[in-house]
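>>> Sequence and predicted model, in that order:
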Amino acid sequence: MREKLRQFMIGRYGTDGLNQFLSIASLALLLIAIISRVSLFTYLGAALLIFCYYRTFSRNISKRTEENYKFYTLKDRVDNKFKGWKEQWANRKVYHYYRCPQCRQKLRVPRGRGRIQISCPRCGTQFIKKS
């Protein structure tokens, strides 16, 4: 039986990070559907599960690899955003964070210095804020 499955999967894509995310998301949606009895979650969970199996058994490996690359790119952007928020929260007693009014660059200035003039390193705009 194991040999037949191995023969069947030759030339097919298999599983990757996006498939793992899709299967966990579909299970979560199906669990929510059971608890809330809202059929929309059932349909969404089933659709994600079907898409996960479609990707697993696909023979278009280059397309599936590209989808997985895009998923990891998006995942890294979200992870970096949360990491920045976590770092900002950890340093909230030491630094103030401001955005440049011109270019929206995030700037960090030390707390407890009174009213200071802040210079944006990216665009050179100067503005006054209380630290």
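Structure's in. What do you need? These numbers were taken from a predicted model, which means no experiment stands behind them.
>>> switch to C-alpha atoms for all contacts and neighbour counts from now on
Will do.
>>> At which residues are the strands of the protein located?
Ranges of strands within the chain are 95-99, 106-110, 115-119, 126-130, based on DSSP state E.
>>> nearest to residue 68, of the ones you listed?
Proximity to residue 68 (C-alpha to C-alpha) singles out strand 106-110 among these, at 30.4 Å.
>>> What are the buried residues along that closest one?
Within strand 106-110, the residues scored as buried using 16 or more other C-alpha atoms under 10 Å are 108, 109.
>>> now for that strand, which elements pack on it?
Strand 106-110 makes packing contacts with strand 95-99 when contacts are defined by 3 or more C-alpha pairs under 8 Å, 6 or more residues apart in numbering; DSSP states H and E.
>>> on that earlier part again, may I see the strands of the chain organised as CSV, with distance to residue 77 and mean pLDDT added?
Formatted as CSV, the strands of the chain follow (distance: least, C-alpha to C-alpha, whole Å; pLDDT from 0 to 100):
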stretch, distance to residue 77, mean pLDDT
strand 95-99, 19, 91
strand 106-110, 16, 91
strand 115-119, 27, 90
strand 126-130, 29, 88
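>>> Quick one, which of these gets closest to residue 24.
When the strands of the chain are compared by C-alpha to C-alpha, strand 106-110 sits nearest residue 24, at 34.5 Å.
>>> Touching that closest one from outside, list them.
Strand 106-110 has contacts (C-alpha atoms under 8 Å, 6 or more residues apart in numbering) with 94, 95, 96, 97, 98, 99, 100, 120, 131.
>>> Now do that strand against strand 95-99: the angle between them, please.
150 degrees (axes from the mean of the first three to the mean of the last three C-alpha atoms, to 10 degrees).
>>> by how many degrees do strand 106-110 and strand 126-130 diverge?
Going by the same axes, to 10 degrees, strand 106-110 is angled at 50 degrees with respect to strand 126-130.
>>> That's all I had, so thanks and see you.
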